[in-house]
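> following is a predicted model, sequence given first.
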Amino acid sequence: MSADPREAPDRVEPGDPDEGAPEGEDGLDELTPRQIVRELDKYIIGQDEAKKAVAIALRNRWRRRQVEDELRDEILPNNLILIGPTGVGKTEIARRLARLAGAPFVKIEASKFTEVGYVGRDVESMIRDLVDVAVNLVRSEREGEVESVAEERVEEGLLDLLLPLKPSKGGPGHGEAGPEEEGGDRPPVFIAGPGGVKARSGARGEEGGEGGAGSSPREADAERLARTREKLRKLLRDGKLEDREVEVEVEQTASLDGMMAPMGGMEGMDFNFTEMLQDMLPKRTKQRSVSVAEARRILLQEELDRMIDMDEVINDALDRVEDTGIVFLDEIDKVTRERGGGASGPDVSREGVQRDLLPIVEGSNVQTRYGMVRTDHILFIAAGAFHVAKPSDLLPELQGRFPIRVELSSLGEKEFVRILQEPKNALVTQYRALVAPEGVELEFTDDGIRELARIAARLNESMENIGARRLQTVMTTLLEDVLYQLPESGEGHVLVDARFVRERLDSIAKDEDLRRYIL
Ligand SMILES: Nc1ncnc2c1ncn2[C@@H]1O[C@H](COP(=O)(O)OP(=O)(O)OP(=O)(O)O)[C@@H](O)[C@H]1O
Ligand SMILES: [Mg+2]
């Protein structure tokens, strides 16, 4: 094995991949297959074959991009098919993989598509969806980068609104201008009084009189304003002014929904006509009285819009889709044609869907509202239970485009014991966190966990096998009373041991009628 895990041993450690931690465009490229698997291990128990396969596929995509043009086109992308029953981690693996890589990811049910020309979605829409996801992803990354500066500016803007220094036309983000700078034109602050023109605060006479000592009245006034501003800033930061009303200027976007309805609504309009029209209409602004809390949201949005170059975001997003995009095609087995069975009606369209998929998976250009996208390097991960149909029932050409098949194993008691507690987002961890705000410690003993796993596994055997999803239903049933009775029950510590589990679940698990509806 040439992959040297020592090269960047902790490369992926610091950022929790769960926290939307795209590691930048290069994150993916720097992860070796082993590192990818190690990251996936934090969330998915077992399924080593599948993890290995996706890790290799991901790395191969990067490797392929390094190969010189001529040969590169000869190397097929490592698209794969994950085969396995429900609830064993197929979607989870793909989703985690994408997050880990900061890659745009969409999950689509293949059965939702219809052949071009039929009613329904055409397959190209998945690429358009992917681009939308990428644009949002890149935009929120950019927002993260400029957020702190934007927030500072918004604070100044809010202070301007709370305590106008100058005619309020300036809008947010210009508060830095010192009060003296434009001291000449501050009509709202001045009133004409008996002693000539005086600043309003001065007229109240709190600190009046000293105005002449060294500094001009105007400077003193400016100083006072600055001081007030700092006081307000403190109140603002302490969250004491959230309900205060301020006037903000908001852009009014004319609602087009009503106008478009007669044209059959906006459903399925891919080039987002509405947005285009809205951009074309003249913008009207309007003064609105809102709370500080809402003004902050409005100003922040405006500030971010100003700071983020959307053209650049779109460019990056398109690159990101082409180089790192991942499409998860669920229920691929549902678009196979059943062998032997009298092929009729819907089957024709199913095969049509497969045929439509071909060029996209193979590599072609798809027009999106942000521009053309080449699909050559997009990684396609198909998944299906393949209970009835087999991968060999897919169109031969399509089979060729999904050269890698991996079977996921069904999960049993042993895996459940681990799934309950080991993943970063394990159910046990989730519920412990959920009751913590009530001041309660939820403790699961080993035998309690084992008992839970045993009951879940047994239910999967005797009823439908829904894989790890069974743990959810079992856990919610188990803890229902506890969750309901808190905080009144006044318990500080809840011990979930085998007895606790049996007491609560055994009767339900044994009663066929009950368990059908509850577990
Ligand atoms: N191997 C596993 N390790 C940890 N958690 C798992 C595992 N398999 C499934 N889960 C949990 O069960 C849930 C369902 O899994 P997932 O969505 O991956 O199922 P699936 O295999 O895609 O099933 P389906 O065919 O129904 O789509 C996940 O959210 C995850 O929390
Ligand atoms: Mg799934």
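Done, it's in. Ligands and ions are numbered 1, 2, ... in the order given.
> who touches stretch 354-363?
77, 79, 110, 113, 115-116, 122-124, 126-127, 329, 335-336, 366, 374-377, 380, 394-395, 397-398, 401-402 (C-beta atoms under 8 Å, 6 or more residues apart in numbering). Backbone N, C-alpha and C define where each C-beta goes, glycine included.
> apply 6 Å and report the result again.
Residues outside stretch 354-363 that contact it (C-beta atoms under 6 Å, 6 or more residues apart in numbering): 116, 123, 335, 375, 376, 380, 395, 397, 398, 401.
> not counting sequence-adjacent ones, nearest residue to the second one?
This points to residue 123. residue 356 (4.5 Å; C-beta to C-beta, 6 or more residues apart in numbering).
> phi, psi for that neighbour please.
phi -70, psi -30 (degrees, to the nearest 10).
> what is the burial count for residue 251?
11 (other C-beta atoms under 10 Å).
> secondary structure element holding it?
Residue 251 belongs to strand 245-252 when assigned by DSSP states H and E.
> quick check: buried residues in that strand?
246, 248 (16 or more other C-beta atoms under 10 Å).
> do the same with stretch 491-511
491, 494, 496, 497, 498, 500, 501, 504, 505, 508, 509.
> and ligand 1, which of the residues you listed contact it?
Among the buried residues of stretch 491-511, proximity to ligand 1 is found for none (C-beta under 6 Å from any ligand atom).
> mind checking pLDDT for the residue nearest to residue 95 when sequence neighbours are not counted?
Leaving aside its sequence neighbours, residue 95 sits nearest to residue 105 (C-beta to C-beta, 6+ apart; 6.6 Å). Listed pLDDT for residue 105 reads 95.
> burial of residue 105, as a residue count?
Around residue 105 there are 23 residues (other C-beta under 10 Å).
> ok, what's across the strand from it?
Beta bridges link residue 105 to residue 326 when assigned by DSSP bridges.
> re earlier: list the contacts of the strand holding residue 251.
161, 283, 284, 285, 286, 287, 288, 289, 290, 292, 295, 298.
> make it 10 Å
Contact with strand 245-252 is made by 157-158, 160-162, 164, 168-169, 171-172, 281, 283-292, 294-296, 298-299, 302, 305, as judged by C-beta atoms under 10 Å, 6 or more residues apart in numbering.
> list only those of these flagged as buried.
For these, a burial check counting by 16+ other C-beta under 10 Å picks out 157-158, 160-162, 164, 171-172, 290, 292, 294-296, 298-299, 302.
> of those, which is the nearest to residue 151?
residue 296 (8.8 Å; C-beta to C-beta).
> circling back to that earlier point, filter the buried ones among the contacts of strand 245-252 down to the ones in strands?
The strands, defined by DSSP state E, take in residue 290 from those.
> show me which of the buried ones among the contacts of strand 245-252 neighbour ligand 1.
With the criterion set as C-beta under 6 Å from any ligand atom, no member of these is near ligand 1.
> tell me the residues of the stretch 401-519 of the chain that contact ligand 1?
Contacts of the stretch 401-519 of the chain with ligand 1, taken as C-beta under 6 Å from any ligand atom, map to 419, 423, 467, 468, 469.
> tally of neighbours for residue 409?
Quick note: residue 409 (other C-beta under 10 Å) scores 15 neighbours.
> give me the secondary structure label for it.
Look at residue 409: counting by DSSP: H, G, I helix; E, B strand; the rest coil, its state is coil.
> I'd like the numbering to begin with 390 instead of 1 from here.
Taking 390 as the first residue, the last one we looked at is residue 798.
> correct me if wrong: it contacts residue 435.
Yes - Residue 798 is within contact range of residue 435, at 6.8 Å (criterion: C-beta atoms under 10 Å).
> what's the overlap in contacts for those two?
Joint contacts of residue 798 and residue 435 (C-beta under 10 Å, 6+ apart) are 477, 478, 804.
> JSON lines please, covering the contacts of stretch 743-752 and showing neighbour count, pLDDT and secondary structure.
JSON lines is the format used below for the contacts of stretch 743-752 (neighbours: other C-beta atoms under 10 Å; pLDDT from 0 to 100; DSSP: H, G, I helix; E, B strand; the rest coil):
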{"residue": "505", "neighbour count": "13", "pLDDT": "59", "secondary structure": "coil"}
{"residue": "512", "neighbour count": "25", "pLDDT": "84", "secondary structure": "coil"}
{"residue": "724", "neighbour count": "30", "pLDDT": "86", "secondary structure": "helix"}
{"residue": "764", "neighbour count": "23", "pLDDT": "93", "secondary structure": "coil"}
{"residue": "765", "neighbour count": "17", "pLDDT": "89", "secondary structure": "coil"}
{"residue": "769", "neighbour count": "23", "pLDDT": "95", "secondary structure": "strand"}
{"residue": "784", "neighbour count": "17", "pLDDT": "89", "secondary structure": "coil"}
{"residue": "786", "neighbour count": "13", "pLDDT": "88", "secondary structure": "helix"}
{"residue": "787", "neighbour count": "23", "pLDDT": "89", "secondary structure": "helix"}
{"residue": "790", "neighbour count": "19", "pLDDT": "89", "secondary structure": "helix"}
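> if we take the residues you listed, which one ends up nearest to residue 455?
residue 765 (14.5 Å).
> out of the buried ones among the contacts of strand 634-641, which are inside helices?
546, 547, 549, 550, 551, 681, 683, 684, 685, 687, 688, 691 (DSSP state H).
> any idea how far the fourth one is from residue 465?
Pointing back at residue 550 there. 59 Å (C-beta to C-beta, to the nearest Å).
> show the average pLDDT along the helix or strand where residue 666 lies.
Counting by DSSP H and E, the element that carries residue 666 is helix 662-669. In this model, helix 662-669 has a mean pLDDT of 68.
> what does stretch 428-440 give?
95.
> repeat that for stretch 726-745.
64.
> would you mind listing what in the chain touches ligand 1?
433-436, 473, 475-481, 719, 774, 808, 812, 856-858.
> circling back: what subset of the shared contacts of residue 798 and residue 435 is buried?
477, 478, 804.
> restricted to helices, list the residues you listed.
Filtering those for helices - DSSP H - leaves residue 804.
> could you dump the buried ones among the shared contacts of residue 798 and residue 435 to a markdown table with pLDDT?
Below are these laid out as a markdown table (pLDDT from 0 to 100):
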| residue | pLDDT |
| --- | --- |
| 477 | 95 |
| 478 | 94 |
| 804 | 95 |
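> quick one: which of the buried ones among the shared contacts of residue 798 and residue 435 is nearest ligand 1?
residue 478 (3.1 Å; C-beta to the nearest ligand atom).
> ramachandran coordinates for the closest one?
phi 110, psi 10.
> again with residue 791
The phi/psi pair for residue 791 (degrees, to the nearest 10) is phi -120, psi 70.
> what separates it from residue 471, distance-wise?
As judged by C-beta to C-beta, residue 791 and residue 471 stand 10 Å apart.
> so for the closest residue to residue 769 other than its chain neighbours, what's the pLDDT?
In space, and not counting its chain neighbours, residue 769 is closest to residue 468: 4.2 Å by C-beta to C-beta, 6+ apart. Confidence at residue 468, expressed as pLDDT, is 93.
> chain neighbours aside, what residue packs nearest to residue 880?
Excluding the flanking residues, the one nearest residue 880 by C-beta to C-beta, 6+ apart is residue 829, at 6.1 Å.
> go ahead and confirm residue 835 touches residue 886.
Yes - Residue 835 lies in contact with residue 886 (C-beta under 10 Å); the separation is 8.8 Å.
> how is this protein divided into domains?
According to automatic domain parsing, the chain comprises the domains 416-527+702-796, 540-697, 802-907.
> most tightly packed of the ones you listed?
domain 416-527+702-796 (a mean of 19; mean count of other C-beta atoms under 10 Å).
> ok, now which ones touch residue 551?
617, 618, 621, 622, 624, 625, 630, 633, 635, 681, 684.
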